[in-house]
Structure formats: C-alpha cells, structure tokens
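Novice: Show me how the following folds:
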Amino acid sequence: MARIFVSATTDEIALVSGTAKTVLQVGTPSNQRDPILRWGVFFDGQDVSEEPVQVRLLRQTSSGTMTTLDVKLLDGSLSESPQTIAQYGASAEPTSGDVLDVVEVHPQTGYEKIYPLFQEPVIQGGGRVGIECTSSAAVNVRAKMDLEE
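Specialist: Now for the predicted structure:
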C-alpha cells in the first residue's frame, strides 16, 4: 500500500421494492490488497412510515453486470492512476460471498461506517466487495466507498 486514497461514489440508483440490488462494487488488481476506510449509503425516501432498507457489505465472487464507475483520487495533486476498479447499479447480480457487515437504515436517512485504524476490512488481491440494498419501497440511493491503495 502506497498511501494513495481513492473514492468510488455513485449517482442515484433506483431500488425496486423487495429486490436485492448491488449498488456499488469495487475490485482490486490481482497483486494488490486494499483496506476499506469507509463506506456509506444515502437514501431519498419520502414516507416516514416505510420499513428500513437492509444494507449488506459483501465479498462477491463474480462481477455481475454493471456500469463502470471512475475511481477518483482523494488527493488531486497526485499523478498516479488508481488501480482499483468500480462499477454500480447491477442489472445482473454478482455472486455473494461472506457478509462483512449488515445494517438496517431508514429510507429517509443514510448510514456511513468509518473504520478505526488497523481494523479495516481488506479486499484481497483480485477480490471484490459490494454494497447490496434491499428496500420494501421504491427509493433512490447513492453509495460510496473510500479505500487505500
């Protein structure tokens, strides 16, 4: 790890009631491990009485079918190119593996997890981690994940 900090942030993604959807997936090159520094989801629900959205942070063993997302350097003065890849808005879901975290979030709010130093989950070389949301109502979500390369 070279202390290069990167971020993947989506636009709004529509969730369909009762359907699990990977809203963001990041992957590492085969020879590089990346710790996840933080991740979050932010909803735009209008109904105060809606059930919470189930949000899972998952290791995923396939890439599914999604739209490519540019990974940004958090320090714009660096000349390096990020090696981490990202995609969002699955139209064909990837294969889920281990569940790293699960939370329930009210669809009028958001959730962000910032990991303490040296306690971050690590994406192994050539691995993938995704954020999957399942909502009981039609709602939009934005997702983000910050990593260290």
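Novice: can we go C-alpha only for contacts and neighbour counts from here?
Specialist: Noted.
Novice: show me the contacts for the most far-flung residue of the chain relative to its centre.
Specialist: Largest separation from the mean C-alpha position in the chain: residue 49, at 26.0 Å (CA atoms, centre = their mean). By CA atoms under 8 Å, 6 or more residues apart in numbering, the contact list for residue 49 is empty.
Novice: mind checking how far it is from residue 136?
Specialist: Relative to residue 136, residue 49 is positioned 11 Å away (CA to CA, to the nearest Å).
Novice: One more: residue 39?
Specialist: 22 Å.
Novice: Out of the two, name the residue with the larger neighbour count.
Specialist: residue 39 (20 against 17; other CA atoms under 10 Å).
Novice: and that one, what element?
Specialist: strand 34-43 (DSSP states H and E).
Novice: tell me the mean pLDDT for that strand?
Specialist: The pLDDT scores in strand 34-43 average 97.
Novice: quick one, what contacts residue 110?
Specialist: Residue 110 neighbours (CA under 8 Å, 6+ apart): 40-43.
Novice: what pairs with the helix or strand harbouring residue 56, and is each one parallel or antiparallel?
Specialist: Secondary structure assigned from DSSP H and E places residue 56 in strand 53-60. Applying DSSP bridges to the sheet, strand 53-60 is found paired with strand 96-105 (antiparallel), strand 128-134 (antiparallel).
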